[in-house]
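Student: what follows is a predicted protein model with its sequence.
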Amino acid sequence: MADWHTTVTPPALARLLATARLPEPATARRPAYRTLAGQIRLLVTEGRLPVGARLPAERELASALDLSRTTVATAYETLRGDGYLLSRRGSGSWTALPEGAPPPSDALHPVPPDEQGSILDLGVAALPAPQPWLGRAAARAVELLPHYATGHGHYPTGVPVLREAVARRYTERGLPTTPDQILVTTGAMGGLHLVQRVLIGRGDRVAVEAPSYAHTLQALRLSGARLVPVPYAPPPFRREPAEQAGPQDPEEPQWDLGEWRRVLRGAAPKAAYVIPDFHNPTGALIGEQQRRELLAAARAAGSIVLADETTAELGWGVPESTPLPRPMAALDRSAQVVTVGSAGKLLWGGLRIGWVRAAPALVRRLATERVYSDVGTPVLDQLIAAELLNEPLPAVRTHQLDRLRATAHAFAAALPEHLPRWRFRMPPGGLALWVSTDGLSGAALAQAGERAGIRIASGNRFGSDGAFEHHIRLPTGGATARGRAATAGG
């Protein structure tokens, strides 16, 4: 049976249903209950509605969708008959998969290593581990481990040596930081979930960029937050190398500050979630002046700014002589910025090391709250990350950025040759190219790709309201392409 935390509220399901677009032939002259059942089925098979999610009661959903209760009841009965819904009297109904059905297709979830031989994975934007540095750091961490093994091994705020290394890196980037401002988490998503649980309540509005990071959008939806999308000010697409433009070029995507001010003033969101550094999925880098102006608008509205810096070290297209904007928290005098960072994007996702930078009082509050979930992050992983963030970091960073740059330029050369009507811009960094597909449905491309053994991240996953249907995200992180890669490339 579904757990309490998988319950989907009527407003949250209504917003998801608005993004579940069935093919036209499937909706033409169809009864409303079949359309509703088809939309819920699509959300389950795409992985946007988790298996085991408790659905609203029939009467509640009917009210939220302005449908008759009979329509919702018949849709639920259809889903039960097809195996996509289970029900128990007194317990409600929750999503399921028919017996023998494949798991939900979600290109954003990693392919297990033992299945990569037959799949070309263009869904996950992540880098392989940097060798030989990872191996050396792991060996050194194993040597240090006995010193930590004499106690219980629980560090709710993180191992001191890693907190010191993260604080030092922030200071080097122009944001003076002390270890008591750092909370080590189990991956950046662990940090985002923790901050969300402590600071954002069910029904609270959260302003988000459009597009934005798909996993965070989904986590916010399922927590009952109400997303308010704020589009970028769109630039013309271009294919010139980012080195010729620079991070402050006026043609780079920029925050639409007029729209941000309108949303912050009118909606008064509890928080604003932004990715200012080498944004996922667009790769955009926001200049310091725009950061200041958004902070001022958020301060006036009383909104927390949640700055996602998981990609902040990935400026592969920025000349070394070009100074990068300082972190948003460096421009904040009122402690309204909460920053989430990660070792997973620059170093290796397998370490599952993230962190939150915030005021010491909030760090203590978050540490108290996390005791009821994961208690702390594995000590050995923390020691490995601390080793990598110290002396070898410049060499590791150069190695990983070279990988990203090479893949991005390979894509940029191949796309115009094979798909000349698709449009994109070369970003100054990040983990992906954001590609417009000339009117083709990204979701349809992803479904076709699944059948061909190619996983594609469709653009609608990165929108809060079904937008970006005609986009896909192509990762520059050196996706594993074994087995069918050669055939798929043809």
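Tutor: Looks like it arrived, so ask away.
Student: poorly predicted segments of the stretch 51-200 of the chain, please.
Tutor: 100-109, 112-117 (pLDDT under 70).
Student: and if we set it to 80?
Tutor: 51, 90-91, 99-119 (pLDDT under 80).
Student: the longest helix in the protein is where?
Tutor: helix 393-418 (DSSP state H).
Student: need the next SSE after that one, C-terminal direction.
Tutor: strand 432-436 (DSSP states H and E).
Student: how deep is residue 66 tucked in, by neighbour count?
Tutor: Residue neighbour count, defined by other CB atoms under 10 Å, stands at 7 for residue 66. Placement of C-beta: from N, CA and C, glycine included.
Student: sorry, slip of the keys, the one I care about is residue 448.
Tutor: The burial count for residue 448: 13, using other CB under 10 Å.
Student: which elements pack onto the helix or strand containing it?
Tutor: Using DSSP H and E, residue 448 falls within helix 442-452. When contacts are defined as 3 or more CB pairs under 8 Å, 6 or more residues apart in numbering; DSSP states H and E, helix 442-452 packs onto strand 454-458, strand 471-475.
Student: so which residues make contact with the last one?
Tutor: The contact list for strand 471-475 (CB atoms under 8 Å, 6 or more residues apart in numbering) reads 122-126, 211, 281, 407, 411, 431-437, 442, 445-446, 456-460, 462.
Student: if we use 7 Å, what do you get?
Tutor: Defining contact as CB atoms under 7 Å, 6 or more residues apart in numbering, one finds that strand 471-475 is touched by 122, 124-125, 281, 411, 431-437, 442, 445, 456-459, 462.
Student: ok, back up a step: what's the angle between the helix holding residue 448 and strand 471-475?
Tutor: Computed by axes from the mean of the first three to the mean of the last three CA atoms, to 10 degrees, the angle separating helix 442-452 from strand 471-475 equals 50 degrees.
Student: average pLDDT across helix 442-452?
Tutor: Mean pLDDT, helix 442-452: 84.
Student: pairing partners for the longest strand anywhere in the chain, with directions?
Tutor: If you go by DSSP state E, the chain has its longest strand at strand 226-233. Its sheet considered, strand 226-233 pairs with strand 205-210 (parallel), strand 254-255 (antiparallel) by DSSP bridges.
Student: in CSV: those strands, plus mean pLDDT, mean neighbour count and distance to residue 70.
Tutor: Compiled in CSV, the strands paired with strand 226-233 are given as follows (pLDDT from 0 to 100; neighbours: other CB atoms under 10 Å; distance: least, CB to CB, whole Å):
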stretch, mean pLDDT, mean neighbour count, distance to residue 70
strand 205-210, 94, 24, 33
strand 254-255, 88, 20, 46
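Student: redo those strands as CSV? Include distance to residue 331.
Tutor: Converted to CSV, the strands paired with strand 226-233 look like this (distance: least, CB to CB, whole Å):
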stretch, distance to residue 331
strand 205-210, 18
strand 254-255, 14
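Student: so which of those strands gets nearest residue 35?
Tutor: strand 205-210 (25.8 Å; CB to CB).
Student: what comes up buried for the next helix or strand after the closest one?
Tutor: Downstream of strand 205-210, the first helix or strand assigned by DSSP H and E is helix 214-222. Using 16 or more other CB atoms under 10 Å as the test for burial, helix 214-222 gives 214-218, 220-222.
Student: tell me who's in contact with residue 294.
Tutor: Per CB under 7 Å, 6+ apart, neighbours of residue 294: 255, 257, 260.
Student: that one and residue 283, how far apart?
Tutor: 19 Å (CB to CB, to the nearest Å).
Student: do residue 439 as well
Tutor: Taking CB to CB, one finds residue 439 at 23 Å from residue 283.
Student: more neighbours: which of the two?
Tutor: residue 283 (30 against 8).
Student: quick check: the residue lying closest to that one once chain neighbours are set aside vs residue 306, distance?
Tutor: In space, and not counting its chain neighbours, residue 283 is closest to residue 427: 2.4 Å by CB to CB, 6 or more residues apart in numbering. Note on residue 427: its distance to residue 306, by CB to CB, is 22 Å.
Student: go on, residue 403?
Tutor: 29 Å.
Student: again with residue 88
Tutor: 38 Å.
Student: and what of residue 76?
Tutor: Taken as CB to CB, the span from residue 76 to residue 306 is 36 Å.
Student: returning to that earlier point: tell me how far the longest strand of the chain lies from the chain's centre.
Tutor: From the chain centre to the centre of strand 226-233 is a distance of 15 Å (CA atoms, centre = their mean, to the nearest Å).
Student: what's the mean pLDDT across it?
Tutor: Mean predicted confidence for strand 226-233 is 88.
Student: buried ones in that strand, by neighbour count?
Tutor: So, applying 16+ other CB under 10 Å, buried residues of strand 226-233: 226-230, 232.
Student: looking at those, which one is closest to residue 59?
Tutor: residue 226 (21.6 Å).
Student: against residue 412, how distant is the closest one?
Tutor: In terms of CB to CB, residue 226 sits 38 Å off from residue 412.
Student: one more: residue 84?
Tutor: Residue 84 is 41 Å from residue 412, by CB to CB.
Student: and for residue 296?
Tutor: 36 Å.
Student: could I get the helices and strands packed on helix 442-452 as a markdown table with distance to residue 162 and mean neighbour count?
Tutor: Shown next, in a markdown table, are the helices and strands packed on helix 442-452 (distance: least, CB to CB, whole Å; neighbours: other CB atoms under 10 Å):
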| stretch | distance to residue 162 | mean neighbour count |
| --- | --- | --- |
| strand 454-458 | 31 | 24 |
| strand 471-475 | 27 | 26 |
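Student: of all those strands, which lies closest to residue 339?
Tutor: The nearest among the helices and strands packed on helix 442-452, by CB to CB, is strand 471-475 at 23.7 Å.
Student: and the angle for the closest one with strand 454-458?
Tutor: 120 degrees.
Student: compute the inter-axis angle for strand 471-475 and helix 393-418.
Tutor: 140 degrees.
Student: partner strands of strand 471-475, parallel or antiparallel?
Tutor: Going by DSSP bridges, the partners of strand 471-475 are strand 432-436 (antiparallel), strand 454-458 (antiparallel).
Student: save those as a markdown table, and put in distance to residue 95 too.
Tutor: Output for the strands paired with strand 471-475, formatted as a markdown table (distance: least, CB to CB, whole Å):
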| stretch | distance to residue 95 |
| --- | --- |
| strand 432-436 | 29 |
| strand 454-458 | 20 |
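Student: any idea which of these gets closest to residue 48?
Tutor: Closest among the strands paired with strand 471-475, once you apply CB to CB, is strand 454-458, at 10.5 Å.
Student: next one: that closest one to chain centre, how far?
Tutor: 15 Å.
Student: list of residues touching that strand?
Tutor: Outside strand 454-458, the residues touching it (CB under 7 Å, 6+ apart) are 107-108, 111, 119-123, 442-443, 445-446, 449, 472-473, 488.
Student: could you redo the last one with a cut-off of 8 Å?
Tutor: Against strand 454-458 from outside (CB under 8 Å, 6+ apart): 107-108, 111, 119-125, 214, 281, 441-443, 445-446, 449, 469, 471-473, 475, 484, 488.
Student: re the thing from before, centre of the chain to the helix holding residue 448, how far?
Tutor: 21 Å.
Student: for that helix, C-alpha coordinates in CSV please.
Tutor: Provided in CSV are the C-alpha atoms of helix 442-452 (Å, rounded to 0.1, in the frame of the first residue of the first chain):
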residue,chain,number,x,y,z
GLY,A,442,10.1,15.6,-27.3
ALA,A,443,7.9,13.1,-25.5
ALA,A,444,7.2,11.2,-28.8
LEU,A,445,10.9,11.2,-29.6
ALA,A,446,11.6,9.8,-26.1
GLN,A,447,9.0,7.0,-26.6
ALA,A,448,10.4,6.1,-30.0
GLY,A,449,13.9,6.1,-28.5
GLU,A,450,12.9,3.6,-25.9
ARG,A,451,11.9,1.2,-28.6
ALA,A,452,15.2,1.7,-30.4
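Student: good, wrapping up.
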